[in-house]
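J.: Provided below are the primary sequence and the corresponding predicted coordinates.
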Amino acid sequence: MVQPFQTKFERNFGPALQTFFEGCRRINHEHMAQNYPRLPKPEFKLEELKVRYRVRRDGSVHAFVCKNTGDVLMPASWSKPAKHARGNIFDEHNGLAKMGIYGPAYLK
C-alpha cells in the first residue's frame, strides 16, 4: 500500500503532540502526588477537533494545540482558545515551558 505524501511537519506532529500530552499529565500528577497524595489523580484525554486538539482534564479544558502550527493555546471557553500562543510543541521545551498544573500560564 502506497503511503500518501507527508511533509516533515506532518510526520513529526503526532510524536510531538503525544509528548506534550504526556508532559501535561506528568506535571499535574506530580503536583497532586506531592500536595494531595490521598486524592485521585485527574483523568486526561486528547480530543481531535476540526482545527485543533483539545486536552481535557476531567471535565474541563486544560489546553488547545493548533493542528496547522503546533501552537499551545490557553482555553478561553470550552470550544475556543485564547488569542495568543503560550508555546509550541516543536520548541525546545515541547510547549511545556509555560505549562502549569491547571494549564498554560497567563501572559504578563
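T.: Perfect, thanks for sending it. Numbers count the residues shown, from 1 in each chain.
J.: looking at it, F44 is touching R54, isn't it?
T.: No. If you go by CB atoms under 8 Å, F44 and R54 don't touch, sitting 11.0 Å apart. Glycine gets a C-beta too; all of them are placed from N, C-alpha and C.
J.: Show me what stretch 57-71 is in contact with.
T.: The contact list for stretch 57-71 (CB atoms under 8 Å, 6 or more residues apart in numbering) reads 9, 13, 16-17, 20, 24, 28, 42-44, 51-56, 72-75, 77-78, 81, 85-90, 95, 99, 102-104.
J.: same thing but at 6 Å, please
T.: Contacts to stretch 57-71, defined as CB atoms under 6 Å, 6 or more residues apart in numbering, come from residues 42-44, 52-55, 72-73, 75, 78, 81, 85, 88-90, 103-104.
J.: neighbours of Q18, just the number please.
T.: The tally of other residues near Q18 (other CB atoms under 10 Å) stands at 12.
J.: need the contact list for R86.
T.: Contact partners of R86, counting by CB under 6 Å, 6+ apart, are 72, 74, 98, 104.
J.: SS state for it?
T.: strand (DSSP: H, G, I helix; E, B strand; the rest coil).
J.: Let me see the ranges of the strands in this protein.
T.: Per DSSP state E, the chain carries strands over the ranges 44-48, 52-57, 60-66, 71-75, 81-88, 99-100, 103-104.
J.: is it possible to export the ones you listed to CSV including distance to N35?
T.: Below are the strands of the chain laid out as CSV (distance: least, CB to CB, whole Å):
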stretch, distance to N35
strand 44-48, 18
strand 52-57, 16
strand 60-66, 18
strand 71-75, 22
strand 81-88, 23
strand 99-100, 13
strand 103-104, 17
